[in-house]
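> This is a predicted model, with the sequence first.
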Amino acid sequence: MSVFIIRRLLQSIVVIWVMSLLVFGGVYLIGDPIDMLINPEADQEDIEAAIRALGLDKPIHEQYWYFLANALKGDLGKSFIFSEPALQLILARAPATMELAIVASLMSIMLGIPLGMWAGLKPDSIAGKSIMTGSILGFSLPSFWVGILFIMLFAVMLGVLPAGGRGPTTEFLGLQVSFLSAKGLSHILLPAVNLALFKLSLVIRLSRAGTQEVIHQDYIKFARAKGLSERRIILVHVLKNILIPVVTVIGLEFGSVIAFAVVTETVFAWPGMGKLIIESIDQLDRPVIVAYLMIIVFMFIVINLLVDILYSILDPRVRLQDIRA
């Protein structure tokens with residue numbers, strides 16, 4: 001295992017370096033932040049002073065090497081808009097995004113696996129067909145439209161849930177969370193469901209396909225021949241074996257839940273990293289954009305490593321040395 005982890009860490013360093021080149025170069029090309037920061041009526045001397053103050057007067061390769069040297073020290077730059085370290089701004093918003101992503105992922109797992117197994121065990125039943133039809137809708141409907149529909153239905157028409165915002169928070173393990181109070185839960189419910197819909201549909205289809213494949217295997221027939229109860233067969237033998245592909249996808253999708261919560265956070269005014277990156281792109285705040293993207297890249301690498309290790313634990317036949325990213 002140690003050989004595998006060392007090899008993956010070396011690969012990760014190369015990936016992070018390549019991505020830093022692509023991210024920094026791409027952000028450099030999207031526009032000139034001076035146009036957003038300086039008053040259009042400012043004279044040329046003020047404009048040049050602002051360019052020098054932000055370090056934008058240097059060639060792009062010098063800006064990149066300056067960024068890379070500071071990044072190795074844990075400094076991803078200072079926001080042009082807020083005049084605060086970009087990393088600090090993002091980490092301040094991270095708990096809100098992580099809370100939303102974890103709740104959405106738990107919803108998709110706790111509902112998706114049993115519903116998918118039900119649809120796999122009884123594919124011709126009305127319930128099985130209804131579950132699969134619902135999963136198709138979850139894939140097809142755009143999240144921004146569903147979010148607006150949720151707000152119109154539950155907040156405007158019924159008035160049972162808030163339309164947006166995070167609501168009151170409670171300190172838990174040094175972090176501010178909203179799920180520990182009833183009012184906080186009411187604020188997180190709609191955005192979490194909206195974010196979970198696509199993942200829920202994915203888990204349902206994976207669980208259904210895995211169940212239909214496993215249920216006809218010889219070891220299931222042997223378990224029935226031994227006289228094991230159907231409940232034990234399903235909860236132990238079937239569930240354990242369908243979890244291997246499901247855990248792999250859930251682990252990788254958790255990263256995408258965090259990275260692409262931008263739409264949900266914008267629709268529901270959720271004060272997370274996604275809302276921050278939208279504001280930063282709108283204002284061409286380069287340091288925040290680059291820092292956010294680099295954090296997402298690092299997060300995907302770590303999640304991928306953890307998924308590979310967990311995969312080997314679930315299936316002892318898999319050797320970590322043979323896993324490829």
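Received the coordinates, thanks.
> Where do the strands of the stretch 151-300 of the chain begin and end?
170-172, 175-177 (DSSP state E, counting those that start in this stretch).
> Go ahead and confirm G147 touches V263.
Yes - judged on C-beta atoms under 8 Å, G147 makes contact with V263 at a distance of 7.3 Å. C-beta here means a position set from N, CA and C on the backbone, and glycine is covered the same way.
> Could you check which of these two has the larger neighbour count?
Taking neighbours as other C-beta atoms under 10 Å, G147 and V263 compare with G147 leading, 23 against 18.
> Quick one, grab the pLDDT at that one.
At G147, the model reports a pLDDT of 89.
> OK, contacts around it?
Counting by C-beta atoms under 8 Å, 6 or more residues apart in numbering, G147 touches L190, P191, N194, V263, T264, V267, F268.
> Switch these over to a markdown table; also include distance to N241 and pLDDT.
Conversion of the contacts of G147 to a markdown table gives the following (distance: C-beta to C-beta, whole Å; pLDDT from 0 to 100):
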| residue | distance to N241 | pLDDT |
| --- | --- | --- |
| L190 | 35 | 90 |
| P191 | 34 | 91 |
| N194 | 31 | 90 |
| V263 | 35 | 85 |
| T264 | 33 | 88 |
| V267 | 38 | 88 |
| F268 | 37 | 89 |
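> mind putting the residues you listed in a markdown table, distance to L200 included?
Shown next, in a markdown table, are these (distance: C-beta to C-beta, whole Å):
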| residue | distance to L200 |
| --- | --- |
| L190 | 15 |
| P191 | 14 |
| N194 | 11 |
| V263 | 16 |
| T264 | 14 |
| V267 | 18 |
| F268 | 18 |
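> hmm, which two among those are most spread apart?
Maximum pairwise distance among these (C-beta to C-beta): 13.4 Å, between L190 and V263.
> pretty sure I188 is touching F179, no?
Yes - using C-beta under 8 Å, I188 makes contact with F179 at a distance of 6.1 Å.
> Name the residues of the helix ranked longest in the chain that come out as buried.
Counting residues, the longest helix in the chain under DSSP state H turns out to be helix 86-121. Neighbour counts over helix 86-121 (16 or more other C-beta atoms under 10 Å) mark 86-87, 89-90, 93-105, 107-109, 112-113, 115-121 as buried.
> Any stretches of this protein with poor pLDDT?
By pLDDT under 70, the weakly predicted segments of the chain are 1-2, 4, 31-33, 35-43, 47, 311-325.
> CSV for the strands of the stretch 151-300 of the chain, including distance to Y64 and mean neighbour count?
Below are the strands of the stretch 151-300 of the chain laid out as CSV (distance: least, C-beta to C-beta, whole Å; neighbours: other C-beta atoms under 10 Å):
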stretch, distance to Y64, mean neighbour count
strand 170-172, 39, 11
strand 175-177, 34, 16
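> Off-centre distance for the longest helix of the chain?
Relative to its chain's centre, helix 86-121 lies at 8 Å (C-alpha atoms, centre = their mean, to the nearest Å).
> Tell me the helix or strand right after it.
Heading C-terminal from helix 86-121, the first helix or strand you meet, by DSSP states H and E, is helix 126-140.
> how big is the angle separating whichever helix or strand comes after that next one from helix 126-140?
Remark: after helix 126-140, the chain's next helix or strand is helix 143-150, criterion DSSP H and E. Angle of helix 143-150 versus helix 126-140, following axes from the mean of the first three to the mean of the last three C-alpha atoms, to 10 degrees, is 120 degrees.
> This completes my enquiry, with thanks.
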